[in-house]
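S.K.: just coords:
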């Protein structure tokens, strides 16, 4: 198992990345799956829209695209995140950039675990799970074990 975070042409670095990696592992294990090799690539809107066009045929900005290479219960894949869109969303939702980035990382992992967000209800279901894990992460960082 290896969880990696790469930064593609951006200056930002996620503080507490080892805590974020542990969080991602817990999310996966909670879904009764095994963490495999995961790569988070944090990049720009311009890079992510090119991926969106090329691989998904979508011509719009998004915050995250997940490519699964999972087999059986082992979660493997690449998760591309647009820092530009995450920044805008953090302002719109009035949360820290780190918090919103963690949310998007969780969201991408949930996709790799089989979750879909193609309906309002499915989006809401994913948001509830994201909120739960963000709360647990905050508690852990404040000294409360999860």
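M.R.: Now that the structure is in, tell me what you want to look at. Since this is a predicted model, take the numbers as computed values, not measurements.
S.K.: mind checking how far stretch 60-74 is from the chain centre?
M.R.: Centre-to-centre, stretch 60-74 and its host chain are 9 Å apart (C-alpha atoms, centre = their mean, to the nearest Å).
S.K.: scratch that, stretch 134-146 is what I was asking about
M.R.: Averaging C-alpha positions (C-alpha atoms, centre = their mean) puts stretch 134-146 18 Å from its chain's average.
S.K.: against residue 107, how distant is residue 36?
M.R.: Remark: distance between residue 36 and residue 107 (C-beta to C-beta, to the nearest Å) = 18 Å. C-beta here means a position set from N, CA and C on the backbone, and glycine is covered the same way.
S.K.: excluding covalently adjacent residues, which one is nearest to residue 6?
M.R.: Spatial nearest neighbour of residue 6, chain neighbours left out: residue 41 (4.9 Å); criterion: C-beta to C-beta, 6 or more residues apart in numbering.
S.K.: list the contacts for that neighbour?
M.R.: Residues in contact with residue 41, defined by C-beta atoms under 8 Å, 6 or more residues apart in numbering, are 6-8, 78-81.
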